[in-house]
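Peer 1: Show me how the following folds:
(2 chains)
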Amino acid sequence: DSGVTQTPKHLITATGQRVTLRCSPRSGDLSVYWYQQSLDQGLQFLIQYYNGEERAKGNILERFSAQQFPDLHSELNLSSLELGDSALYFCASSRGQGTSPLHFGNGTRLTVT
Amino acid sequence: QKEVEQDPGPLSVPEGAIVSLNCTYSNSAFQYFMWYRQYSRKGPELLMYTYSSGNKEDGRFTAQVDKSSKYISLFIRDSQPSDSATYLCAMENGGSQGNLIFGKGTKLSVKP
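Peer 2: Below is the predicted model of the structure:
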């Protein structure tokens, strides 16, 4: 068990809808990362937060947004969902801002119908 | 050319075999190299974490980094059916943002 908790495990929703994915990092970790994993693209970095502030952005669509709260948990909001957004969404955490190994949760499987 | 290339396999070996998994990369700024193991329906689990060139051993696993060739390897000795999983290499340049670049993963199956 990595200590990173993600909810929900599965989410099925329709196109055009909005969903929120939640992540609780390992105890003591200040950085939270969001990754998207699909069969054709592999693991793609979306965004990083460190101690409540955005630190880095990857290939995150404008329809997606995230935030990290004072208690360090994070939420990833996906809106105007499209069929192509169906994927596994992973949260990871680390102690510092960078050069730390990441510890992943077990992901949220999103299916858009 | 992708930043990180990894043969997707699948790779099938008999129990007890030595497994060699490899990744090549193009960005010479990468300094930190990792191997993750991912079981079906689970998140990636950190296996090995190395800095710069050289070898690092942990039990049946050995990670090897050759920065001059931009090539990293993971060796698994005495492979077990429980090693059956997808193995992902990952690397980063050591900047202030921990943005790992992942390979697409190699699916390994160890047959009893």
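Peer 1: So what sits opposite the residue nearest the centre of chain A in the bridge?
Peer 2: Central residue of chain A (CA atoms, centre = their mean): residue A:34, 3.1 Å from the mean position. Beta bridges link residue A:34 to residue A:47, residue A:91 when assigned by DSSP bridges.
Peer 1: residue contacts, it?
Peer 2: Residues near residue A:34 by CB atoms under 8 Å, 6 or more residues apart in numbering or on different chains: A:23, A:45-48, A:60, A:66, A:74, A:76, A:89-92. C-beta coordinates here come from the backbone N, C-alpha and C atoms, glycine included.
Peer 1: Ok, residue B:17 next?
Peer 2: Residue B:17 is in contact with B:79, B:110, counting by CB under 8 Å, 6+ apart.
Peer 1: any idea how far residue B:45 is from it?
Peer 2: 22 Å (CB to CB, to the nearest Å).
Peer 1: try residue A:11
Peer 2: The spacing between residue A:11 and residue B:45, counted by CB to CB, is 23 Å.
Peer 1: now do residue A:92
Peer 2: Computed as CB to CB, the residue A:92 to residue B:45 distance reads 11 Å.
Peer 1: These two: which has the busier surroundings?
Peer 2: residue A:92 (29 against 17; other CB atoms under 10 Å in any protein chain shown).
Peer 1: Find me whatever residue is spatially closest to that one, sequence neighbours aside.
Peer 2: Counting by CB to CB, 6 or more residues apart in numbering or on different chains, residue A:92 lies nearest to residue A:102, which is 4.0 Å off, once chain neighbours are set aside.
Peer 1: hang on, that neighbour packs against residue B:49?
Peer 2: No: at 9.9 Å, residue A:102 does not count as touching residue B:49 under the criterion of CB atoms under 8 Å.
Peer 1: Looking only at neighbour counts, state which of the two leads.
Peer 2: Using other CB under 10 Å as the criterion, residue A:102 and residue B:49 rank with residue A:102 on top: 28 against 17.
Peer 1: Can you list phi and psi of the more buried one for me?
Peer 2: Per-residue torsions, residue A:102: phi -90, psi 150 (degrees, to the nearest 10).
Peer 1: same thing with residue A:85?
Peer 2: phi -80, psi -10.
Peer 1: and chain A, which residues reach chain B?
Peer 2: A:2, A:4, A:31, A:33, A:42-43, A:45, A:48, A:55-56, A:58, A:90, A:92, A:94, A:96-107 (CB under 8 Å from any CB of the partner chain).
Peer 1: Now list the buried members of those residues.
Peer 2: The neighbour count (16 or more other CB atoms under 10 Å in any protein chain shown) marks A:2, A:4, A:31, A:33, A:42-43, A:45, A:48, A:55-56, A:58, A:90, A:92, A:94, A:97-107 as buried among the residues of chain A next to chain B.
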